[in-house]
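Asker: Fold the following, please.
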Amino acid sequence: MAPRPKKSRPKARPTAKASAAAKTRPARKPRAKRTPSYDLLIVWTARALVHTDTAKYFMHDDLDEHTPLDVVGLTHLRDDSVTLPMARRLAKARLAEIETGTVTREGVLFRNVETLGKLLSLTAVEQEVLAFAIVLDLHKPLQACFEHLEGLSVRRLHDLLALVLDVPVADVREALKRTAPLATTGLVRVATDVRRTWDDPFEVMEGLENILLTEYETPEAILANFFRRSPDAKLVLGDFPHASQDVGILVRFLRGAMDQQASGVNVLLHGLPGTGKTELARAVAAALKGDLYEVNVEADDGSPISGPGRFAAYLLCQRMLGRRTNTVVLFDEIEDVFPDRWYPFFGRQRRSGEDKGWTNRLLEGNAVPTLWLSNEIGQIDSAFLRRFDFIFELRTPPLAVRRRILEKHLGDLTARPGWVQRVAHDERLTPAHIERAVRVARLAGYAKAEELEPCLTRVLQNSLAVQAPERPGAPAAPEVYDLRFLNASEDLGRLVETLEKRAREQRTVHGSICLYGPPGTGKTAFAHHLAERLQLPLLMKRASDILGPFVGQTEGNLAEMFQQARDEGAMLLLDEADSFFQNRRGASQHWEVTQVNELLVQMEAFEGLFVCSTNLFEHLDEASLRRFTLKIKFDPLRPEQRMALFERTLEILGQPVAPDEAAGYRSALDRLEALTPGDFATVRRQALLLETAVDARALLSALERECRNKPHVQKSRVGFN
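Answerer: Residues are numbered from 1 along each chain as shown. Have a look, this model is predicted:
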């Protein structure tokens, strides 16, 4: 009898999921010492061999020495004299022999499956299906029995699994429902492409094999692979005054949800990295006297968990904690779950998710209230956003909060108040920047102010430089500042007193003021003085902070500016306002009109004090100007103001004017009609830079040069004899 040609067993086709996992998962460690119960493995393999009728693929094949035939003790079927009917009879006989023996369920896998089953209230069949899915993923001989089942339907899978596990098919069907615990917790689901996935018809949670093949000291230690108890909060709700309104609503909302055991409670908290979202979530849980659990971001070996893996861990967390009260779940960095996707030629596109309906149901049926944290939300589909009950943005803390957080983190470290105030003025500064910079200083051993401050300054500068370029701060307050040296169309002293009285009595000041006039006349300095007198933080924005290159970006930045002022309870100063209030009659582009309209709408809705300053009043839109409560013109100094400021400046410099020379200087100053307070400040800075002494003659000469350099000023020589 001629020998039959040897058949080569076809390789299983890898699924897309398996291919992707192979690229991202770390190499598995050898598991020779962590093999599942071998008795049960033999039984399952023998049943699979018989009920799938796949013994024919391994007959007469002596290339592979580790086939299902080797596992169940049917290696003699490799003989060329064995026919297919004979092989089927021998396989059934061997199965009957194996099933009459004692089958043990020893091994770490089955112990962990039983422990997890108790924690999650899984039925006996659900535990059996879970264990089988893990073994099938690990054991190639068992996989080989399924590799040749092309066109395997879900119903056929249920039937085969019932025969292999020796349990009722109805119980298997119930265990593998998409609404059953195995699927809703993400542990095991039937593969979506099961008809093409013959060797592995299940989708098993990423990394679950390693988790269930590891020894644990306590049952709860298994769950630490998926979620953990959140650390105690380092801050309290009082450290977030800029978000007090939203936080107040959030705390009451969560309190009511926990008391009434409401389901589907989801809160989306977003904001720039480092603004303190995680600490706020922990502070909220502490205020509620509740337990906060965080879904893990990385595995126990330090490798990041993929988005689907974290979603599965979240589902398991909900299942485990669903019966507890006074509990909140924290899902941080949800960009992993709702990522961006890049397409050639089209750039970044929103991703709706692989199964939008399933994700929507997940956001509607969670038993434990969940706080979802994200650095951005632009990539999240609007269908998902609608499922969140409460959404709010945590912005960069205002000046007062930044100063308080800096002082709190410094603790016993000594830093001068002036340095703290100067550093806190940087609007880019976040709690994360502060915490890490102080950590560097502490570990470096810096304690004294003279070495601590340079260290912290350098660390913060380096961190902030990679986030955004440094913007110029507010101008320094002039050494000579007195409302008497401002030539304004309104009584500024009376205005300040009136607003101070209103602030004391009503605790709020509402209105809009337009300050206009030539450069250097004191408009911006007056706005800073007004905020200081009203004891309000000042939020200053320039045109460069607001104008954007894309259509609609400027309008969004304007809305953001007013919202930031609301959150900080600040007086809002918009410098270079002529960039936005251009006359709409001459607008050549639609966006020029929409920018003005957006600013006017925001002005009317703003309940604080809004101040604009501009050097180009004549270019402003007439309709826009009518919206301002006050319009104050700042002119160059009057003759008596010029001489008074001249004398005051020299007094501070220790160079008073001689009485017999006062008339001559007054006469010379009378010719400087364009002289402003800013000119005096400029001359003073020049003297400091050049380290030169300034007397009356030098001051006058410098002021003359400043006036001659101004446009539209007659450049005739003005001398003093």
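Asker: now the strands: where do they sit in the stretch 101-250 of the chain?
Answerer: With DSSP state E, counting those that start in this stretch as the criterion, the stretch 101-250 of the chain has strands at 188-190, 202-204, 227-229.
Asker: The second one: partners in the sheet, and parallel or antiparallel?
Answerer: It stands for strand 202-204. strand 188-190 (antiparallel) (DSSP bridges).
Asker: Other residues contacting the partner strand?
Answerer: Strand 188-190 is contacted from outside by 129-130, 133, 154, 157, 176, 178, 182-183, 201-205, using CB atoms under 8 Å, 6 or more residues apart in numbering. All C-beta spots, glycine's among them, are computed from the backbone N, C-alpha and C.
Asker: Tell me the buried residues within those residues.
Answerer: Buried positions within these, assessed by neighbour count (16 or more other CB atoms under 10 Å), are 129, 130, 133, 157, 176, 182, 183, 201, 202, 203, 204, 205.
Asker: and of these, the nearest to residue 238?
Answerer: Nearest to residue 238 out of these is residue 205 (CB to CB; 40.5 Å).
Asker: Tell me the spacing between that closest one and residue 541.
Answerer: 49 Å (CB to CB, to the nearest Å).
Asker: any chance of the contacts of strand 188-190 in a markdown table, plus pLDDT?
Answerer: Formatted as a markdown table, the contacts of strand 188-190 follow (pLDDT from 0 to 100):
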| residue | pLDDT |
| --- | --- |
| 129 | 93 |
| 130 | 93 |
| 133 | 90 |
| 154 | 83 |
| 157 | 86 |
| 176 | 92 |
| 178 | 84 |
| 182 | 90 |
| 183 | 87 |
| 201 | 82 |
| 202 | 85 |
| 203 | 85 |
| 204 | 87 |
| 205 | 85 |
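Asker: and the two most separated of those?
Answerer: Pairwise over the contacts of strand 188-190, using CB to CB, the maximum falls at 154 and 205, 19.7 Å.
Asker: all helices of the stretch 51-200 of the chain, in order?
Answerer: 68-72, 84-100, 108-120, 124-138, 140-144, 154-165, 169-175, 181-184 (DSSP state H, counting those that start in this stretch).
Asker: Could you pull out the buried residues of the fifth one?
Answerer: Of the residues in helix 140-144, those with enough neighbours to count as buried (16+ other CB under 10 Å) are 141, 142, 143, 144.
Asker: likewise the first one?
Answerer: Along helix 68-72, these residues count as buried under the neighbour rule (16+ other CB under 10 Å): 68, 69, 71, 72.
Asker: Surely the third one and residue 141 touch.
Answerer: Yes: between residue 71 and residue 141 there is a contact under CB atoms under 8 Å: 4.7 Å.
Asker: So for those two, which residues contact both of them?
Answerer: What both residue 71 and residue 141 touch, as defined by CB under 8 Å, 6+ apart, is the set residue 45.
Asker: low pLDDT regions in the stretch 151-300 of the chain?
Answerer: Applying pLDDT under 70 to the stretch 151-300 of the chain flags residues 151, 192-200.
Asker: coming back round to it: want to throw the helices of the stretch 51-200 of the chain into CSV with distance to residue 389?
Answerer: Converted to CSV, those look like this (distance: least, CB to CB, whole Å):
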stretch, distance to residue 389
helix 68-72, 53
helix 84-100, 54
helix 108-120, 27
helix 124-138, 32
helix 140-144, 45
helix 154-165, 36
helix 169-175, 32
helix 181-184, 21
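Asker: Which of these sits closest to residue 675?
Answerer: Going by CB to CB, the one of the helices of the stretch 51-200 of the chain nearest residue 675 is helix 181-184, 77.7 Å.
Asker: Where does pLDDT dip in the stretch 551-700 of the chain?
Answerer: For the stretch 551-700 of the chain, the ranges with pLDDT under 70 are 582-592, 689, 691.
Asker: show me where it has strands.
Answerer: 571-574, 609-614, 630-635.
Asker: next one: the shortest one to chain centre, how far?
Answerer: Strand 571-574 has its C-alpha centroid displaced from the chain centroid by 27 Å (CA atoms, centre = their mean, to the nearest Å).
Asker: how about the helices of the stretch 601-721 of the chain, start to end?
Answerer: 622-625, 639-652, 662-670, 677-690, 696-708.
Asker: among those helices, which is nearest residue 263?
Answerer: helix 622-625 (50.0 Å).
Asker: in that closest one, what counts as buried?
Answerer: residue 624.
Asker: Show me what it is packed up against.
Answerer: Judged by 3 or more CB pairs under 8 Å, 6 or more residues apart in numbering; DSSP states H and E, the packing partners of helix 622-625 are helix 590-605.
Asker: residues making contact with the helix it packs on?
Answerer: With CB under 8 Å, 6+ apart, helix 590-605 has contacts from 512, 551-552, 554-555, 558-559, 561-562, 580-582, 584, 587, 610, 621, 624, 627.
Asker: relative to strand 609-614, how tilted is it?
Answerer: Angle of helix 590-605 versus strand 609-614, following axes from the mean of the first three to the mean of the last three CA atoms, to 10 degrees, is 140 degrees.
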